[in-house]
Each structure stands twice: as structure tokens, then as C-alpha cells.
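Novice: Show me the folded form of this:
(one chain, ligands or ions: 1)
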Amino acid sequence: MHPRGSRQYRPATGDFGYYVDDPHATAHTREPLRDRVDAVVVGGGFGGLLAAARLRQAGLDRIRVIERGGDFGGTWYWNRYPGIHCDIESYVYLPLLEEVGYVPKWRYAPGEEIRQHARAIGRHFDLYADACFGTEVDGLRWDDAAGEWTVTTDRGDRIAARYVVVSGGPFGRPKLPGIPGIENFRGHTFHTSRWDYAYTGGGPDGDLHRLADKRVGLIGTGATAIQCVPHLAAAAGHLYVFQRTPSSVAERGNRPTDPGWSATLAPGWHHERRENFLAAVSGAPVDEDLVDDGWTAGGHLLGTLMPRVDHRPQGTSDEERDRQLELADFRAMNEIRARVDRIVADPATAEALKPWYRYACKRPTFSDSYLETFNRPNTTLVDTAGPGIEQLTERAVVVDGVPHEVDCVIFATGFDLTLPTADRTGFPIHGRAGRTLAEHWAAGPRTLHGFYSHGFPNLFHLGALQNASAVNFTHVLDEQALHIAEVVAEAAKRTDHRVEPTAEAEEGWQATLRERGVDHSAFHAECTPGYYNNEGRVRAGRRPSFGDGPIAFHRLIRRWRAEGGLRDVLAD
Ligand code: NAP
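Specialist: Take a look at the predicted model:
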């Protein structure tokens, strides 16, 4: 474990602020906006797009998406590194496929196809006309007399909105490793989420021809590195991959979509496939595993994190269940390690590439070319065996006293998931009577179902907060967006359009979470450090979620809507 835990990283701010500059947009100026809309959606990734699309379907007219990037797409806008692909099957990951009338061209779609789908959603639901790109919200203030929010931005906008949905995903802000001497390196550097194609040449499909005479150092071996390493190795004079902890890398098996198969898809197919995938990765019994890939095969192992989502045979004790899960985990990880031996020729390199932790400790990855790359003569794995890189000098990356001279360092070191402020949005939110959300949440988030809080009318949160998450996060976001849109549609039938959970309903949900929440800290405490477990500094009970899992949560909110729950959030 790193002695500084999560504080080991350098935020991409101040002298390092240029690491987050937008390489895809041209700077533009515009007059500040002064107007009134039905809804502001903060964030133009799939969460924001889903919220906007579902609100449009619910009949809202003026919907303004405010997004820091220069277009829709969120993480798929920023991340355009070579090799970028969906690591979940695109037929379940890409949202609103039937609405837009699209079937992905690949089983695991390339990033550009996903980004274009985000744009197609923007066009289909007519979201471009009112969208504000290159703009960051810097505050929300509720005006109780007018019954609306005032939304202010870093471009001086002042927008009145009846409803606000906040959907800022976690993968927007890159983080840099806290390597001593990082400021001294004189070669070229960039972060994978802001790929510098002017330096490397080529594009997301590869052909990084300008690296032919370069020695490239890549730092990090998470899901991003797994996808870009084969392209770097194919182009670079020499590639050094600096590893702290190896990822688990299982088979991918990508293939183009069979047009014969797409032709058989009947209306409702997307919903059915997503539900089937969710059941399979939750370890629930399914008649037929429609996706049938590495995720569904390993899904029951993620059950370790969902002890209440339990499909054990009758009469099995808790201890027996845990023992069986642990054995299945060992078998799966043994197979992942055996795969390394089958592919990587050099025994020492193979040994270093083997992950020794439980399956759900780090994000599982899939690739049919990553491990193979280490058989290339121009690729060297520099394993730091845990502690990470010792130092950066003007020209070299130093590990264990050995300097490795490089022309360029690429940081595949992930994203800053530390939450910016107590209200978790990065900007202040003043609700009724000027009370801030940070004050209301001083002892931790307080919501009804994760969506809204007492004292903050017509404000909705999307994301993994006080509800239930899943591997296929766009599915979770869609259920949330549908819920919010249905609540808003009901509110529109009332005179004051106001949505606000009662204090009792909010407290009731806290009691449910206390009673039925799960605390993963015991599992994570035994994992190798990473962003899943706060770099090994596990805090018990910090992030309660609905312990019965996403399937039960989706059922719960549907039933709540159907059976009069709306009384808890609508005044008259
Ligand atoms: P990440 O998983 O956070 O990986 C960061 C890597 O940097 C880790 O290997 C880490 O090692 C390493 N690192 C950090 N500091 C270091 C140091 N001082 N010396 C050496 N190595 C250091 O980031 P990511 O790969 O960008 O992925 C982030 C998330 O994005 C994923 O978990 C996934 O959810 C998502 N993602 C999705 C896709 C997709 O296809 N859908 C693709 C890519 C990413 P340790 O493991 O030792 O900390």
C-alpha cells in the first residue's frame, strides 16, 4: 500500500492543468445566456443524454444540456486513445438503440462508433439546439417564489430552469501519478484521456506512425492500457510498459455484427437483452444466457459484492456459500493466470503479468492482443512489483534504481474519483431557504432512492448514489432516467409542478439502506489497492447502497410509481 493512499496522485490542476485541456474542440466565445427553460441537464454523457431523451418523451419542450466537452459523449468524447472499445457488449451497453433505430456494427464497438451514437441521440431527441458545450455549471440556487432554479455557469450564463438533473460521470477528470520528479521530465507527455495524435500520428484505429523512432513509456496497466498497448507496440521504436499491478485479462472474441442476426431482432429486443445480461451478471438464473461472454461467465463472482443477491441452493449456509464463491474465484483466476502462461513466451514476463487477487478486486479486462504484445522484441514490461515508479528524471523513468530512457511518457493512470465537495457535484447548490446541499449531506448523502433530497425541489441526481449499481451502467442510468421522467410527467399535471420528497420519505429510505444496505469494506480490505478500495484504505460503511441489488431496485421503483409512491414527492 502506498503510504499516502489516495493522496499519492497529482490532480491535473495548477501547473498540471494543461493535462485536462480539450484537444477536440476549438475555443469559442459567445454571449452569456439569460433565458428560461423547462429543464437543465448537467452533463452530456450517456446519463445526461438519457435524462434529456426521457424528459423529451415525457413532453418537456426546452431542455438544455450543459456540458464541459465540445459535444455529447461524456467519457467517449474525452477518451479517443488508440484501440478504444466498449468492454461490455455494445448491444446491451449502447442506450436507446431501438429509439434511434441502430444496431452496432461490432459486438464490442470502437469508441468512435459509440461517440457517434451519442451524437445520434442528441439529433434524434433534438437536443443540439439548446445545448451549451464548453461550459461548466458553477452554481444552482432555488427560487422558492418562482418555483425554479437559477443555473449559473463559467461563461456568465444565468438560466432559469423548472427542473435540474445532475449527471456528471466519474471519468471526466484525469489524475496523474505522484511520482517524484514528474515535473522534471523534459520529453513529451500526455494522459490517455487526452490523446495527442499530433505527436503520435494515426488515430483510434492505430497507425501511430510518428512513434516509429521513439522510445515510449506507458505508465499504468488498467483497462485503458490493455486497449492501447498493442497499438503503441505496433508503432513505437520501443515500448516500455511500467506496471504496478497486473490486470486480469480474459479472452475478448470481438466480431462484426452478423446482418442475419440483426434482421431477426424483434421490437423490445434491446430491453430483453439488457434485462437478461443484468440477471446473468447478478448470478440470477436465466433460461438462456443471451450475451454469453466473459462478463456473464464471471458474473457469479461479482456476487461476492452482492451478498443479498443470493441464488444459492436451498439449505446452503452463509459459510458454505462464501466457500463456494471463493473456490469459483480461485478457479477463474487460475485460468486467467494459466492463459498468461499459454500466451507469453518469456517465463519471467509471464510470471509478472499474473494477477494475484480476487476477481472483483479490480475491473476485469478482455483482450486478444495485449498479452501477445509482450512477445514482441520492441516491447519491455517493467514490473515495479507493487510500489510503482521510483522517480522521473529529465530523460528517464527510474524503477528499482534502473533508469529507462524514453522520449515520451504516456499516463494511463486513470481518473480522479475523489468527490470534489460535500455536495458531490463540484459546484454549490442552494436549496429552499438558502440551505446548501453540502449542509444537508454533512453526515453523508441523504436522498429518497438516490434521486432527490428534502429541501431541494425539482433537483434530481443520476448515478450510483444510495441505490443499486451494475456492470452495465448505462442500463442503470436508463432505469433512473425513466423514473425521473415519469415523476416529472406526473408533476406537470399539478399546478405548482413541484417535486420534493417529504422529510419522512427521505428518512424512510435511509432506514431501508441501514437495514438492507451492503457494506463491501470487508471484501475490499483484502484486495490489492486501487480506486475500487480507496487505495487500500477501506472505511467501513461509507457508501451504503441498496443491498438487494439492481434487479430488486428496479422492481422497487416501478412498484413505488404504480402503487401511490408519488404521494411522497408531489405536494397536492
Ligand atoms: P485505472 O484502472 O485507474 O488504472 C490506472 C493504472 O495506473 C493502474 O494500473 C495503476 O496501478 C497505475 N498506476 C497509478 N499510479 C502508478 C504509479 N505511480 N506507478 C505505476 N503505475 C501506476 O485507469 P484506466 O485504465 O484508465 O481505467 C479506469 C476505468 O475506466 C476502468 O476501471 C473502467 O471502469 C473504465 N474503462 C472502461 C473501458 C471500456 O472499454 N468500457 C476502457 C477503459 C477504461 P495499480 O493498479 O497498482 O493502482
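Novice: Mind pulling the model confidence for residue 572?
Specialist: As summarised for this prediction, residue 572 has a pLDDT of 63.
Novice: what's the answer for residue 393, then?
Specialist: Taking residue 393 on its own, its pLDDT is 97.
Novice: Pull the number of nearby residues for it.
Specialist: Neighbour count of residue 393, defined by other Cβ atoms under 10 Å: 14. Every C-beta, even on glycine, is put in place using the N, C-alpha and C of the backbone.
Novice: just the one 4 residues further on next, same as before
Specialist: Neighbours of residue 397 under the rule other Cβ under 10 Å: 26.
Novice: Then residue 141?
Specialist: Residues near residue 141, counting by other Cβ under 10 Å: 15.
Novice: Neighbouring strands of the strand or helix carrying it in the sheet, and parallel or not?
Specialist: Here residue 141, judged by DSSP states H and E, is contained in strand 137-143. Its sheet considered, strand 137-143 pairs with strand 148-153 (antiparallel), strand 429-430 (parallel) by DSSP bridges.
Novice: ok and the very next helix or strand once past the first one relative to strand 148-153, angle-wise?
Specialist: Same thing as strand 148-153. Heading C-terminal from strand 148-153, the first helix or strand you meet, by DSSP H and E, is strand 158-166. Inter-element angle recorded for strand 158-166 and strand 148-153: 100 degrees (by axes from the mean of the first three to the mean of the last three Cα atoms, to 10 degrees).
Novice: Use 16 as the first number from now on
Specialist: Okay, residue one is now 16; in that scheme the one you just asked about reads as strand 173-181.
Novice: who's in contact with whichever residue of the stretch 416-565 of the chain sits closest to the ligand?
Specialist: When scored by Cβ to the nearest ligand atom, the stretch 416-565 of the chain has residue 429 as its residue closest to the ligand, at 2.4 Å. Contact analysis of residue 429 by Cβ atoms under 8 Å, 6 or more residues apart in numbering lists 189, 190, 235, 237, 239, 546.
Novice: Let's see that with 7 Å instead.
Specialist: Applying Cβ atoms under 7 Å, 6 or more residues apart in numbering to residue 429 gives the contacts 190, 235, 237, 546.
Novice: Ok, residue 30 next?
Specialist: Contacts of residue 30 (Cβ under 7 Å, 6+ apart): residue 198.
Novice: Report whether it is found in a helix, as I expect.
Specialist: Yes: Residue 30: assigned to a helix according to DSSP: H, G, I helix; E, B strand; the rest coil.
Novice: So which bits of the top helix by length along the chain are buried?
Specialist: Counting by DSSP state H, the longest helix found in the chain is helix 333-358. Buried residues in helix 333-358, counting neighbours by 16 or more other Cβ atoms under 10 Å, are found at 336, 340, 343, 344, 347, 348, 351, 352, 354, 355, 358.
Novice: related to what we said a few turns ago, which one of the contacts of residue 429 is nearest residue 511?
Specialist: Among the contacts of residue 429, residue 546 lies closest to residue 511 (Cβ to Cβ), at 42.4 Å.
Novice: and the closest one, how many residues sit next to it?
Specialist: Neighbours of residue 546 using other Cβ under 10 Å come to 18.
Novice: which secondary structure element contains the residue nearest to it when sequence neighbours are not counted?
Specialist: The shortest distance from residue 546 to any non-neighbouring residue, by Cβ to Cβ, 6 or more residues apart in numbering, is to residue 432 (5.5 Å). Secondary structure assignment for residue 432, by DSSP H and E: no helix or strand.
Novice: Quick check, residue 432 in contact with residue 185.
Specialist: Yes: Residue 432 is within contact range of residue 185, at 5.1 Å (criterion: Cβ atoms under 7 Å).
Novice: So what touches the strand holding residue 156?
Specialist: So strand 152-158 is in contact with 57, 81, 164-169, 179, 442-447, 471-472, going by Cβ under 7 Å, 6+ apart.
Novice: That one: how far from the chain's middle?
Specialist: 25 Å (Cα atoms, centre = their mean, to the nearest Å).
Novice: Could you do stretch 392-412 as well?
Specialist: For stretch 392-412, the distance to the chain centre is 28 Å (Cα atoms, centre = their mean).
Novice: Just confirm yes or no for that stretch near the ligand.
Specialist: Yes: using Cβ under 6 Å from any ligand atom, stretch 392-412 reaches the ligand at 399, 403, 404.
Novice: Flag every buried residue along that stretch.
Specialist: 394-399, 403-407, 411-412.
Novice: Okay, now the unreliable bits of the stretch 66-215 of the chain?
Specialist: Across the stretch 66-215 of the chain, nothing is flagged by pLDDT under 70.
Novice: Can I get stretch 445-464 in PDB? Just the C-alpha atoms.
Specialist: Taking C-alpha atoms only, stretch 445-464 is exported to PDB below (Å, rounded to 0.1, in the frame of the first residue of the first chain):
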ATOM      1  CA  HIS A 445     -28.500  26.300  -2.600                       C
ATOM      2  CA  GLY A 446     -32.000  24.900  -1.900                       C
ATOM      3  CA  ARG A 447     -35.000  26.100  -0.100                       C
ATOM      4  CA  ALA A 448     -34.200  28.900   2.400                       C
ATOM      5  CA  GLY A 449     -30.700  29.100   1.100                       C
ATOM      6  CA  ARG A 450     -29.600  25.800   2.700                       C
ATOM      7  CA  THR A 451     -26.800  24.100   0.800                       C
ATOM      8  CA  LEU A 452     -26.800  20.500  -0.200                       C
ATOM      9  CA  ALA A 453     -23.400  20.300   1.400                       C
ATOM     10  CA  GLU A 454     -25.100  21.200   4.700                       C
ATOM     11  CA  HIS A 455     -27.900  18.800   4.200                       C
ATOM     12  CA  TRP A 456     -25.500  16.000   3.400                       C
ATOM     13  CA  ALA A 457     -22.900  16.900   6.000                       C
ATOM     14  CA  ALA A 458     -23.100  13.400   7.500                       C
ATOM     15  CA  GLY A 459     -23.300  11.700   4.100                       C
ATOM     16  CA  PRO A 460     -25.800  11.800   1.200                       C
ATOM     17  CA  ARG A 461     -29.500  11.800   2.200                       C
ATOM     18  CA  THR A 462     -31.900  11.100  -0.600                       C
ATOM     19  CA  LEU A 463     -35.100   9.200  -1.500                       C
ATOM     20  CA  HIS A 464     -34.000   6.300  -3.700                       C
END
